[in-house]
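**Student:** here's my sequence, what's the structure:
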Amino acid sequence: MRDGFAELTAKKTILLGISPDDGVSHQKFRAKYKLPFALLSDPDKKVLTAWGAWGEKNMYGKKVTGVLRSTVVIGPDGMVKKHIKKVDTAKAAGQLLPYLS
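**Tutor:** Now for the predicted structure:
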């Protein structure tokens, strides 16, 4: 998303990330990876759960509970236009472009 940020914002897109990590952790992560968009904190995992972005996954061969990387495109009318449940982080920005006005 970082590398495609200019192309996404040219389509009047607001990009936000969300995880259960706290604000201090987000600040360090944004600085380390030079992210030009905001990261929101959801420590109770209410939003992540509601959007299907929190659940069981495999990590290094073990089943764990955690963030399921996904992307939701919400239109100007507030309606979900697309929900990409398994995000390929290298191609994520390009995956969104067909769904943006």
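**Student:** okay, CA-based contacts and neighbour counts for the rest of this
**Tutor:** Fine.
**Student:** burial of residue 34, as a residue count?
**Tutor:** Neighbouring residues of residue 34 were enumerated by other C-alpha atoms under 10 Å; the total is 11.
**Student:** what's near enough to touch it?
**Tutor:** When contacts are counted by C-alpha atoms under 8 Å, 6 or more residues apart in numbering, residue 34 touches residue 2.
**Student:** for it, grab phi and psi.
**Tutor:** phi 50, psi 50 (degrees, to the nearest 10).
**Student:** what is the distance between stretch 80-94 and the centre of its chain?
**Tutor:** Relative to its chain's centre, stretch 80-94 lies at 8 Å (C-alpha atoms, centre = their mean, to the nearest Å).
**Student:** which of the residues in that stretch are buried?
**Tutor:** 92-93 (16 or more other C-alpha atoms under 10 Å).
**Student:** which stretches of the protein have low pLDDT?
**Tutor:** Where the chain drops to pLDDT under 70, the residues are 101.
**Student:** longest helix anywhere in it?
**Tutor:** Looking across the chain with DSSP state H, the single longest helix is helix 23-33.
**Student:** what about residue 66, distance to residue 22?
**Tutor:** According to C-alpha to C-alpha, to the nearest Å, residue 66 stands 15 Å off from residue 22.
**Student:** the more surrounded of the two?
**Tutor:** Using other C-alpha under 10 Å, the more surrounded residue of residue 66 and residue 22 is residue 66, with 17 against 13.
**Student:** need phi/psi at the more buried one.
**Tutor:** phi -170, psi -170.
**Student:** do the same with residue 50
**Tutor:** Dihedral angles (degrees, to the nearest 10) for residue 50: phi -60, psi -30.
**Student:** tell me the spacing between it and residue 12.
**Tutor:** In terms of C-alpha to C-alpha, residue 50 sits 25 Å off from residue 12.
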